[in-house]
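Novice: sequence and predicted structure below; questions after.
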Amino acid sequence: MDRIEFAGWILICDVDATRFAYAGMALGGPEECGCLHCQNFVAARSQLYPPAVLALFEQLGIDSTRETEVYHLAPNGSDADGPPETRMHRYGGWFHAIGEVVTDRAEYEVPSQDFQLTIIPGGAVVPSSFPDTPLFRLEFSVRVPWVLPEPFAG
C-alpha cells in the first residue's frame with residue numbers, strides 16, 4: 001500500500017491492484033454506454049483532465065480512459081443564449097481506486113478549466129474487475145465543449 005498526498009487528501013492505495021483492476025476493464029463507462037452525450041465526452045476527453053489530476057491518476061494506478069461512470073447534466077456556459085451545440089456542457093463522473101481515504105477535504109478545483117474533484121470513501125457502480133475490498137472514488141465535475149459533428153440532442 002502506498003501513501004499518496006494530493007491537495008490536502010491523504011490516501012492509502014494499493015496501486016498495483018488498482019492498475020490490475022483497470023486492466024480488467026474492457027471499456028470505460030462512456031464507451032459502454034455509447035449515447036451521443038457519452039460519445040461527445042470521449043471525443044473531448046484528452047482536453048478535460050488537468051495535468052495535476054492526470055499525475056494523481058498515474059500515482060494511484062488509475063487508467064484515465066476508463067471512467068466508471070460519466071453523465072451529462074446540461075448545457076451551460078456564458079453563451080447560454082446560443083444553440084446548445086455551441087455551449088459548454090456540464091458533465092460528472094467518477095473513477096475508483098483500491099484503498100482508503102485517511103484525511104479528506106472538501107474539493108479540489110481548477111477554475112481555469114472549470115474542473116472539480118472530490119475524493120470519497122466507498123464505491124458506487126463498481127466494475128466487476130475490482131475486488132471486494134475497501135475502495136474510494138474520485139468524483140469529478142467538468143465543463144466540456146460539444147465537439148461532435150452531430151448536433152446536440154437534449
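Specialist: Nice, thanks for sending it over.

Novice: count residues in the vicinity of the residue lying closest to residue 50 once chain neighbours are set aside, would you?
Specialist: Nearest residue to residue 50 in three dimensions, chain neighbours excluded: residue 110, at 4.6 Å (C-beta to C-beta, 6 or more residues apart in numbering). Where C-beta positions appear, they are placed from N, C-alpha and C, glycine not excepted. Residue 110 has 15 neighbouring residues, counting by other C-beta atoms under 10 Å.

Novice: you'd agree residue 110 is up against residue 48?
Specialist: No: look at residue 110 against residue 48 with C-beta atoms under 8 Å: they stay out of range, at 10.6 Å.

Novice: hmm, back to that, so who does the residue nearest to residue 50 touch?
Specialist: By C-beta atoms under 8 Å, 6 or more residues apart in numbering, the residues touching residue 110 are 50, 52-53, 116.

Novice: now, of those, which are buried?
Specialist: Buried members of the contacts of residue 110, counted by 16 or more other C-beta atoms under 10 Å: 50, 53, 116.

Novice: may I have stretch 144-153 exported as PDB, CA atoms only?
Specialist: Extracted C-alpha coordinates of stretch 144-153, given in PDB (Å, rounded to 0.1, in the frame of the first residue of the first chain):
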ATOM      1  CA  VAL A 144     -16.900  20.000 -21.800                       C
ATOM      2  CA  PRO A 145     -17.200  21.600 -25.300                       C
ATOM      3  CA  TRP A 146     -19.500  20.000 -27.800                       C
ATOM      4  CA  VAL A 147     -17.000  18.600 -30.300                       C
ATOM      5  CA  LEU A 148     -19.100  16.100 -32.300                       C
ATOM      6  CA  PRO A 149     -20.300  17.000 -35.800                       C
ATOM      7  CA  GLU A 150     -23.700  15.600 -34.800                       C
ATOM      8  CA  PRO A 151     -25.900  18.300 -33.300                       C
ATOM      9  CA  PHE A 152     -26.600  18.200 -29.600                       C
ATOM     10  CA  ALA A 153     -29.800  16.400 -28.700                       C
END
